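>>> fold the stuff below for me.
(chains A and B, ligands or ions: 5)
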Amino acid sequence: MKKTLTLLILICLNLFFSWNAFSIQRFPKPEFESGYTQPDTLMPSARAEILAYMDVAVLILALSFISWLVLKKRSRKGVFWTSMFSLIYFGFYREGCVCSIGAIQNVSLALFDSSYTLPVTALAFFAIPLIFTLFVGRTFCAGICPFGAMQDLVAFKPMSIGVRLNAILGLLPYLYLALSILYAATGTDFIICRYDPFVGIFRMNASFGMFVFAGGLLISGIFIARPYCRFLCPYGVLLNWFSRYSRRHMTITPAHCIQCRLCEGSCPYDAIEIPVTETKNHDNTKQRLKRLIMMSFIIPLLMVVGGYTGYLLHETLAGVHSKVRLANQVINTEVSPLKAETFEIQAYKSSGKTQAQVLKEAGIVLSKFKKGSIILGGFIGLLFGLLIAGKLLKRHNPDYIPHKGRCFSCARCIDYCPVKAEN
Amino acid sequence: MQDRRKFIHTFVRGGLLTGVTLLGGFLVLRDKDGEFCGLDGHCSKCDKSSTCSLSPAAHFRQSVWQLDPSKCIQCGRCATECVMTLSAVKCTHVYAMCGYCDLCGGYLKPDIKTISTAAENQLCPTNAIRRKYIEEPFFEYEIDEALCIGCGKCVKGCSAFGNGSLQLQVRHDRCVNCNECSIARNCPSEAFSRVPASSPYLLNGIDQDSTKKI
Ligand code: SF4
Ligand code: SF4
Ligand code: SF4
Ligand code: SF4
Ligand code: SF4
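Ligands and ions are numbered 1, 2, ... in the order given. Below you'll find the predicted structure:
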C-alpha cells in the first residue's frame, strides 16, 4: 500500500510539472537486483530491397517472353499460361503491388513534388510496359497485368456491346486518368489504389464495399469481357495511345486475309475492325478538307469547354485534400464553437499552428487545384477531339485487323484464322 | 499515302520514346542538392543539415510507411483505417524507456480504486498487455501482438501518466506497404510519412542502429 501511495504522489507531482508532454522520463529507469535482463524491442524489418529489383527483372523477362509468344509463336495457350503465372506472381504473391497502373500516381507525385522520393521500382513498372508497347503492342495487357489476367479468366460468355456504347464508355478511362493525376500531383490521394477492385482479392482482405465492387466487376466481366481494362483502366489510356504507334503488332492472319469472316466475332473485346470498303467510305479531297476545317474548330472548342469545366469543378475537387478539409473545419469551429471537437481540430490545436497558417496552406492547395483542373480539363478536351477526328477521318482498311489501340494482344483471334503461314 | 503514314508513325513513336526516356531520366537524375529530402528528418544517413550530401541515387531506395509517435494524438483511427482487417499498426514497447511501474498508466484504467489485474481494470480492450512480476516493485509489460488492435488507448495512458514507452508503430511484418497508406490519409495529426525501408521505425528513446531487428 505504501508503495502505491508513493507512486501516486510521484505521478501527481509529475503531472503537475509536465502535463501531457510526450516521452518524458517521469519515472527513473529501474535498477534491477534480480539479474533481470531487459528484452529487446523487436522491430521486424521491411521487405528486402533486393526483392523489389527482382520484381523488375521478372517484369522484363515476362514481357519479353509474352511478346515472343504473341508475335512469333502466335500461341494463345502460351499467353494463357503466362497470364496465370502473372496472376500468381504479381497478383497473389506480390499482392497486386507494385503495379503499373498505380505507378502513374507515383510518377505524377514525383514530378510535381520534389520532396517525394520516387521508388525506382515504381518508375520501372511505369515505364517498361510503355516502352514494350511502343514496339510490340499491348502484350503487357495480354498476360502480365494481374488485373487483366484476372478478368480474362472469367470472360466465359463475352458478347459485343456495339460500337457506340464502346466508344462512349471508352471515354471513362480518360476522366479517371485525369482525376488520378490531379489527386496524385497535388498530394491529395492515390485514388487508383484506393478504388482498386482487385487488390482486395489478392490480399484476401478488403472492405465490404470494395468486395461488392470487385464482385460486380467480375460478374459483369463474364458477359462484358474485361470491364475494368476497357472502361476504367487509366494506364490503358497510355497503353492505347502508345500501341497505336507501335512498331509491330500482332496480326490475326499469319499471311493474307482472305475475308472469310471467321474471326469476325472472335474478339471478346470488340477490338477487331471490320473492313471499310471503298464504297462505304468514299472520300474525296474536298470532303476531307471540309472535315479538317471542322475539326480545327471543334478541337479548340472542346479544349476550352474542358478547361472551363475544370475551373468550375476545382473547388469541389480540392475539398477532399486534408489541408482544405482542416481549413474548413477550423472556420466551422470558429462559427459554432460548441460543436464537439474533431480529432483534426485537436491535432491542429496541439500542433501550435496559427489559423492564418492553416488557411494559407489550404489556399496554396486550392491554387494548385485551379491550375491543374484547367490544364487537365483542356487536355481531356483535346483527346476527345482527336478521338472524334479519328472517327471522322476513317481510313481505308480492306482487311480484318485488330484495332492497334484497343487490342490487348490476347491472341484469341489467331486460332480462328484458317490461313496457314507461308514459309 | 502509305509511306506518309509510316513516316508519321515512326516520328510519333520516336517522340513518345524520347518522352518516356526523358521523364525517367529527369526523375532519376534530378538534382536534389540542398533541397528538403522528404524523409522528414528521419533519414538515418545524414544529420539533416541544410544541404544534403547524398548522391541523387541514394534518394531512390525503397520506402515504407511509418508513423511518428511524437506527432500521434492516439485518435484510434490506426485501428480502423488500415486496409488490413487486423491493423498493421500495433503498440510497440520500448523497454529502454519503461519505468516498470506497478501503477502503469498504460495498463490500468486511470480511475480504478485498487490495483488489481482484473480484466475490467485493464485499459486495453483486448487484454493484449501481459504483466509480469520482476522484483519489488517492478513489473514488465509485454504486448501480445496477435491480440493488439492498435487502438492506442494504452499509448495515450502511458504518455499521459508514464514515461511514454508504449508507442504505436507500423509493424513491417504485417504491413503490406500500400502505395498510399490508407491510415496516412486519415491521420488527423499527419503523423505518417514515407521512411527509408532500411530504417523503417521511428521509435522515441531508442537507438535505431543498436537494436536487434528480426
Ligand atoms: S488495360 Fe489496364 S487493367 Fe487491363 S490489362 Fe491493361 S493495364 Fe491491366
Ligand atoms: S488479339 Fe484478337 S481477340 Fe485478342 S484483343 Fe486483340 S483482336 Fe481481340
Ligand atoms: S491515425 Fe494518426 S493520430 Fe490517430 S492513432 Fe494513428 S498515428 Fe495516431
Ligand atoms: S490498448 Fe490498444 S494499442 Fe494498446 S495493446 Fe491494447 S489493443 Fe494494442
Ligand atoms: S501501408 Fe497499408 S497495411 Fe501498412 S499500415 Fe498503412 S494501410 Fe496498413
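
>>> show me where chain B has strands.
For chain B, the strands defined by DSSP state E cover B:63-67, B:89-93, B:129-135, B:138-143, B:166-170, B:192-196.

>>> close to chain B, is the helix or strand hosting A:Q357?
Per DSSP states H and E: A:Q357 is located in helix A:355-392. No - contact of helix A:355-392 with chain B (Cβ under 8 Å from any Cβ of the partner chain) is absent, the minimum separation being 11.1 Å. From N, CA and C alone the C-beta is placed, and that goes for glycine too.

>>> give the next helix or strand downstream of that helix.
That would be, after helix A:355-392 and using DSSP H and E, strand A:401-402.

>>> helices and strands around that next one, which ones?
Judged by 3 or more Cβ pairs under 8 Å, 6 or more residues apart in numbering or on different chains; DSSP states H and E, strand A:401-402 is in contact with strand A:272-273.

>>> state the next helix or strand along the chain beyond the strand it packs on.
helix A:285-318.

>>> quick check: B:K132 touching B:D144?
No - if you go by Cβ atoms under 8 Å, B:K132 and B:D144 don't touch, sitting 11.9 Å apart.

>>> higher neighbour count, those two?
More crowded of B:K132 and B:D144, by other Cβ atoms under 10 Å in any protein chain shown: B:D144, with 14 against 11.

>>> give me the number of residues near the nearest residue to the more buried one once chain neighbours are set aside?
Excluding the flanking residues, the one nearest B:D144 by Cβ to Cβ, 6 or more residues apart in numbering or on different chains is B:A128, at 4.8 Å. As a burial measure, B:A128 scores 20 neighbours (other Cβ under 10 Å).

>>> residue contacts, B:A128?
Contact partners of B:A128, counting by Cβ atoms under 8 Å, 6 or more residues apart in numbering or on different chains, are B:91, B:143-145, B:147-149.

>>> ok, B:I149 - contacts?
Contact analysis of B:I149 by Cβ under 8 Å, 6+ apart lists B:79, B:86-87, B:125-126, B:128.

>>> geometric centre of the chain: which residue is closest?
Defaulting to chain A. Nearest to the mean C-alpha position of chain A, counting by Cα atoms, centre = their mean, stands A:I101 at 3.7 Å.

>>> oops, I was thinking of chain B
With distances taken as Cα atoms, centre = their mean, B:Q66 lies nearest the centre of chain B, 1.8 Å away.

>>> show me what it is bridged to.
Per DSSP bridges, the residues bridged to B:Q66 are B:S193.

>>> so what's it up against?
Counted by Cβ under 8 Å, 6+ apart, B:Q66 has contacts B:42, B:169-170, B:192-193, B:195, B:200-202.

>>> tell me how many other residues surround the residue of the stretch 1-150 of chain A found nearest ligand 1.
Using Cβ to the nearest ligand atom, the single residue of the stretch 1-150 of chain A nearest to ligand 1 is A:G148, 2.6 Å away. Neighbours of A:G148 under the rule other Cβ under 10 Å: 25.

>>> helices and strands around the one helix or strand it maps to, which ones?
Using DSSP H and E, A:G148 sits within helix A:146-154. In terms of contacts (3+ Cβ pairs under 8 Å, 6+ apart), helix A:146-154 is packed against helix A:76-86, helix A:139-143, helix A:208-223, helix A:227-231.

>>> out of those helices, nearest to ligand 3?
Within the helices and strands packed on helix A:146-154, the stretch nearest ligand 3 is helix A:208-223; the backing value is 20.3 Å (Cβ to the nearest ligand atom).

>>> what angle do the helix or strand A:K323 falls within and helix A:285-318 make?
Assigned by DSSP H and E, A:K323 belongs to helix A:322-335. Relative orientation of helix A:322-335 versus helix A:285-318 (axes from the mean of the first three to the mean of the last three Cα atoms, to 10 degrees): 50 degrees.

>>> list the contacts for B:V170?
In this structure, B:V170 makes contact with B:64-67, B:88-89, B:181, B:200, judged by Cβ under 8 Å, 6+ apart.

>>> shaky segments in chain B?
Where chain B drops to pLDDT under 70, the residues are B:1, B:30-61, B:115, B:207-214.

>>> which residues in it form helices?
Using DSSP state H, the helices assigned to chain B run over residues B:2-29, B:77-81, B:153-161, B:182-186.

>>> could you dump the helices and strands packed on helix A:146-154 to CSV with distance to B:S159, mean pLDDT and mean neighbour count?
Putting the helices and strands packed on helix A:146-154 into CSV (distance: least, Cβ to Cβ, whole Å; pLDDT from 0 to 100; neighbours: other Cβ atoms under 10 Å in any protein chain shown) gives the following:
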stretch, distance to B:S159, mean pLDDT, mean neighbour count
helix A:76-86, 46, 96, 19
helix A:139-143, 49, 96, 30
helix A:208-223, 34, 93, 15
helix A:227-231, 45, 96, 22
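
>>> what's the closest of these to A:E31?
helix A:208-223 (52.5 Å; Cβ to Cβ).

>>> thanks a lot, see you next time.
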